[in-house]
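Enquirer: Kindly generate the corresponding structure for this input.
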Amino acid sequence: MSAQISFLPIDLGRWDNGPGGDAMVVPIWTDVRPLRGAAGLLDWRLCGRLSQVIREGRLAGTPGEKLLLVTNRVRWRRVLAIGLGDSQEFSSDSFRGAVDCSLQALRGIGASKVAMALPGRDIDLVRPEDAVRQLVDAIANSEQENGPWLDSLVLIDTPAASKAIGDVARAAAAT
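Expert: Okay, the predicted model is just below:
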């Protein structure tokens, strides 16, 4: 995998001083309101814009659903909201589907400097190390099919997850 992986906590102050880039990916559930984790904090920073598009019916959070917003309120130029479906039905297949959908959309818009909140982490449905391992595998598969396209990836999660994410990211960089 060619991308450099780093970590950023769910913290607006850190986001404001973070590396920025082309796109930030946040997962959206059909049944979790108000929005939680990175999506909830991002919604707050965007003055409720994500909640507004949900209320307007332009985003429901169904699996495979994507919404791209352009913004200047965070250091990433675009926000990609990815639907996850119902949290009670979340599985490793759901995780992989959301990651593949995200990677395909990011590649399609030419995003190479990306921040991502991993699917299921906002409500602790997947362990951080498992999520990162699956993400690294998905990126490697994407690069096999399409060549290297991702330069940097910032994983957004809780401070408690930083060690697990860092350990897996360092191991991936060594391979």
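Enquirer: residues making contact with whichever helix or strand Ser102 is part of?
Expert: Using DSSP states H and E, Ser102 sits in helix 92-108. Outside helix 92-108, the residues that touch it by C-beta atoms under 8 Å, 6 or more residues apart in numbering are 22-23, 25, 27, 63-64, 66, 68, 80, 82-85, 114, 116, 118-120, 126, 131, 134-135, 138-139, 142, 146, 149-150. In this view, the C-beta of every residue, glycine as well, is placed from N, C-alpha and C.
Enquirer: strands paired with the very next helix or strand once past it, and their directions?
Expert: In the C-terminal direction, the helix or strand that comes right after helix 92-108 (DSSP H and E) is strand 113-117. Applying DSSP bridges, strand 113-117 is found paired with strand 21-29 (parallel), strand 152-157 (parallel).
Enquirer: Ser91 is nearest to which of those?
Expert: Closest approach to Ser91 among these (C-beta to C-beta): strand 21-29, 13.7 Å.
Enquirer: Give me the buried positions along the closest one.
Expert: 21-29 (16 or more other C-beta atoms under 10 Å).
Enquirer: With stretch 56-71 instead?
Expert: Across stretch 56-71, burial judged by 16+ other C-beta under 10 Å covers 59, 61, 63, 65-67, 69.
Enquirer: distance between the ends of it?
Expert: 19 Å (C-alpha to C-alpha, to the nearest Å).
Enquirer: okay, now Ser91: neighbour count?
Expert: By other C-beta atoms under 10 Å, the residues close to Ser91 number 12.
Enquirer: Check what pLDDT it gets.
Expert: On the pLDDT scale, Ser91 is placed at 97.
Enquirer: Mind telling me which residue is nearest the centre of the chain?
Expert: Met116 (2.7 Å; C-alpha atoms, centre = their mean).
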